[in-house]
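K.L.:
Fold the following, please.
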Amino acid sequence: MKETDIQNQIRMALSEHGIVIRQNTGNFLTADGRRIVCGVKGLSDLLFIGNGFVAFIEVKNNTGRPTKEQISFINAVRRLGHRAGICRSVSDALRLIGGDPDDVG
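P.N.:
Predicted coordinates for the structure are as follows:
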């Protein structure tokens, strides 16, 4: 399954528990050809906001591997006391928002 499909499944499932925001990072060209750089290296794919906490979710399929920057971002967020992890399924994401943030990824 493609990461985009997993991400959409996670977005749908978590929207029942709070707000889910897709975070875009990278370089983009505007219609008039200007380059825009947004986000920070390693920023997780999804931001979940709900029930007094936030969670950063990096979506990967079964064979996907996080980059060094993604792992660093997840670790930094955890050090700050927030939930963050790599999720390969809706079950992983539900576990991340519902339980111990170190249970996932």
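K.L.:
which regions of this structure lie under the pLDDT threshold?
P.N.:
99-105 (pLDDT under 70).
K.L.:
Go through it and flag its longest strand.
P.N.:
With secondary structure taken from DSSP state E, the chain has its longest strand at strand 53-59.
K.L.:
which helices and strands sit right next to that strand?
P.N.:
helix 3-14, strand 46-50, helix 68-79, strand 83-87, helix 90-98 (3 or more C-beta pairs under 8 Å, 6 or more residues apart in numbering; DSSP states H and E). (Each C-beta comes from the backbone N, C-alpha and C, glycine too.)
K.L.:
how far off helix 90-98 does the first one point, in degrees?
P.N.:
Relative orientation of helix 3-14 versus helix 90-98 (axes from the mean of the first three to the mean of the last three C-alpha atoms, to 10 degrees): 50 degrees.
K.L.:
Report the inter-axis angle for helix 3-14 versus strand 53-59.
P.N.:
Taking the same axes, to 10 degrees, one finds helix 3-14 and strand 53-59 inclined to each other by 160 degrees.
K.L.:
Helix 3-14 - contacts with which helices or strands?
P.N.:
strand 19-22, strand 46-50, strand 53-59, helix 90-98.
K.L.:
which of the ones you listed sits most buried?
P.N.:
strand 53-59 (a mean of 22; mean count of other C-beta atoms under 10 Å).
K.L.:
Which strands border that strand, and is each parallel or antiparallel?
P.N.:
Partner strands for strand 53-59, per DSSP bridges, with pairing direction: strand 46-50 (antiparallel), strand 83-87 (parallel).
K.L.:
related to what we said a few turns ago, now the helices and strands packed on strand 53-59 in TSV, with distance to Phe56?
P.N.:
What follows is those, written out as TSV (distance: least, C-beta to C-beta, whole Å):
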stretch	distance to Phe56
helix 3-14	12
strand 46-50	6
helix 68-79	5
strand 83-87	4
helix 90-98	9
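K.L.:
Ok, which of the ones you listed comes nearest Val59?
P.N.:
helix 3-14 (4.4 Å; C-beta to C-beta).
K.L.:
how far is that closest one from where the chain is centred?
P.N.:
Put simply, helix 3-14 sits 10 Å off its chain's centre (C-alpha atoms, centre = their mean, to the nearest Å).
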